[in-house]
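J.: This is a predicted model, with the sequence first.
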Amino acid sequence: TPKAHAKDVDATTSITVVLDDNIRTVQVDKAIILKRHDNTSAVAGMTTYSKATRTLTFKPALPLMPNTKYTVRLPMSAFTYEYQFSFETQKSKPLLLYVQLADRPEQRRRFTFVAEENPYNHLRTALAARLGLDLARIDRIQCSMGGVGAGSSQHAMIMEDFDVLELNDGDIIHVHAGTA
């Protein structure tokens, strides 16, 4: 799982492969390689093997990118033959967020966001447009997880090099803007 050529696969899915009886040995750490279709780097994660059910499971370290094609490869170095298949993750669902300039919390605004490829850049551009800011003025973006009305919000910086933004409905996005 998922099946070859599957569409709308959940971004939190694990890759599961049931092995044929003819396969005698498995190098678990090299058994499943998952890559974004347009990328040469393997997705980080952990592979486990159940000898009883002859099942390999790869659990990605982070949710997969939405609306993205992935290729699963079972390399010859781990088996007696090579096999590969592809699948596509589902599109992102719109999130209802709240956005404000960090120094003006009284001017909080509702904001609907759908993550796309390069989610940080997409979020940054959308926030600049929503707040009427020049993109160059945005110094950093911070998120209060737990959202509006949460007793104790946990703050987490949203970093530029993240492939996945861990945002939920109701989160508050604080935009720190300079004077550029």
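T.: Looks like it arrived, so ask away.
J.: alpha carbons only for contacts and neighbour counts from here, please
T.: Will do.
J.: residue ranges for the helices of this protein, please.
T.: Secondary structure of the chain (DSSP state H): helices at 119-131.
J.: Find the residue ranges of it scoring beneath the pLDDT cut-off.
T.: Within the chain, the ranges that satisfy pLDDT under 70 run 21-26, 145-165, 180.
J.: So T12 sits against P66, correct?
T.: No: if you go by CA atoms under 8 Å, T12 and P66 don't touch, sitting 10.0 Å apart.
J.: more crowded one of those two?
T.: P66 (22 against 14; other CA atoms under 10 Å).
J.: right, and that one touches A11 too?
T.: Yes: P66 lies in contact with A11 (CA under 8 Å); the separation is 6.4 Å.
J.: what sits in contact with each of the two?
T.: T89, Q90 (CA atoms under 8 Å, 6 or more residues apart in numbering).
J.: Run a quick neighbour tally on E82.
T.: With other CA under 10 Å as criterion, E82 counts 11.
J.: now the one 4 residues further on
T.: Here the number of neighbours of S86 (other CA under 10 Å) works out to 19.
J.: Beta-bridge partners for it, please?
T.: Beta-bridge pairing for S86 (DSSP bridges): T71.
J.: Surely it and K7 touch.
T.: No: with contact defined as CA under 8 Å, S86 does not reach K7; the gap is 9.5 Å.
J.: What segments of the chain are strands?
T.: Per DSSP state E, the chain carries strands over the ranges 6-9, 15-18, 33-36, 45-50, 55-60, 69-74, 83-89, 95-101, 109-113, 138-145, 154-158, 172-177.
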